[in-house]
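Novice: Take a look and give me a structure for this.
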Amino acid sequence: MADPIEQFEVHPIPGLEFGEVAVPFLGVQQIAVTNSHVAMTIAFALVVLFLTAVTSGAKVVPGRLQSAGETLFSMIDGVTDSIIGHEGRKYFPFVFTLFTLILGMNILGMFLTFTATSQLAVTITFAVLTILLVIGIGILKHGLGFFLLFWPSSAPLVLRPVVGAIEFLSFLLRPVTLALRLFGNMLGGHVALKIFAGFVVSLGAMAFAGEGLGLFAVPIAALSMTMVVALTALEFLVAFLQAFVFAVLATIYLNDVVNLGHGH
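Specialist: All right, here's what the predicted structure looks like:
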């Protein structure tokens, strides 16, 4: 059976290697276009093409493609508006971009041999961009008042520094959980698919060759094939849900600083 982890290896595309360069603190790094670059670029291009097709020929009575695009747009617009409030529209472009890019990479990974969002470096990048935006908005809107987010005024005075430190640590850990949740779900799902698909191939070959279990391998292979079909359907659902969950949690994260000190 093929190694189920092999599908996550990042390797340069032959002919697109441009040598090595010394990077401060990181040492010597290879400069090349990798399968990860290609997967992310294709996903980005498909998202742009999809949104262009949706908006270029917009009609009063939408067709299927326009309806799909408007559904995604309305869904994320509803999330930002319901969580952040009247200022949600300002942050809709960022959240919608996160959602569509992650969704594009997740779904594309079902058709390619490489899934960009199964790489922790990619999911961490999305999470870091989110926390940098949150911190930037917090400081621009509230100045030093931004740090009131970590000061629990309702707690007893003697406990406030301790609770505040815990709140600050929790704030910093949120992007970690964002990155790990997306990475773990995509990694685990594709590993399971690879394992069951490997069972189908191995047991089918065994039955054909009359070795080992012989014909008894056929029903086991059929059961494994059923699992592959079920897991594939589940993975498409997970691909959408993980993109949506990332967008929702990023919006909640933004809401903490946008509406700091008052309700919406």
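Novice: For the stretch 151-264 of the chain, which segments are assigned as helices?
Specialist: In the stretch 151-264 of the chain, the segments counted as helices under DSSP state H, counting those that start in this stretch are 160-209, 217-258.
Novice: rank these by mean pLDDT and give me the bottom one.
Specialist: Of all the helices of the stretch 151-264 of the chain, the minimum mean pLDDT falls on helix 160-209 (a mean of 82).
Novice: Can I get the helices of the stretch 151-264 of the chain in CSV including distance to residue 21?
Specialist: All C-beta atoms are positioned from the backbone trio N, CA, C, and that covers glycine. Converted to CSV, the helices of the stretch 151-264 of the chain look like this (distance: least, CB to CB, whole Å):
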stretch, distance to residue 21
helix 160-209, 27
helix 217-258, 32
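Novice: which residues touch stretch 89-102?
Specialist: Residues outside stretch 89-102 that contact it (CB atoms under 8 Å, 6 or more residues apart in numbering): 43-44, 47, 51, 72-73, 76-77, 79-81, 84, 117, 126, 130, 133, 182, 242-244, 246-247, 250-251, 254, 258.
Novice: one more time with 7 Å
Specialist: Applying CB atoms under 7 Å, 6 or more residues apart in numbering, the contact partners of stretch 89-102 are 43-44, 47, 76-77, 80, 84, 117, 126, 133, 182, 243-244, 246-247, 250-251, 254.
Novice: do the same with stretch 128-139
Specialist: 94, 146, 149, 175, 178, 250, 253, 254, 257, 258, 260.
Novice: quick one on the thing from earlier: in JSON lines: the helices of the stretch 151-264 of the chain, plus distance to residue 90 and mean neighbour count.
Specialist: What follows is the helices of the stretch 151-264 of the chain, written out as JSON lines (distance: least, CB to CB, whole Å; neighbours: other CB atoms under 10 Å):
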{"stretch": "helix 160-209", "distance to residue 90": "21", "mean neighbour count": "17"}
{"stretch": "helix 217-258", "distance to residue 90": "8", "mean neighbour count": "18"}
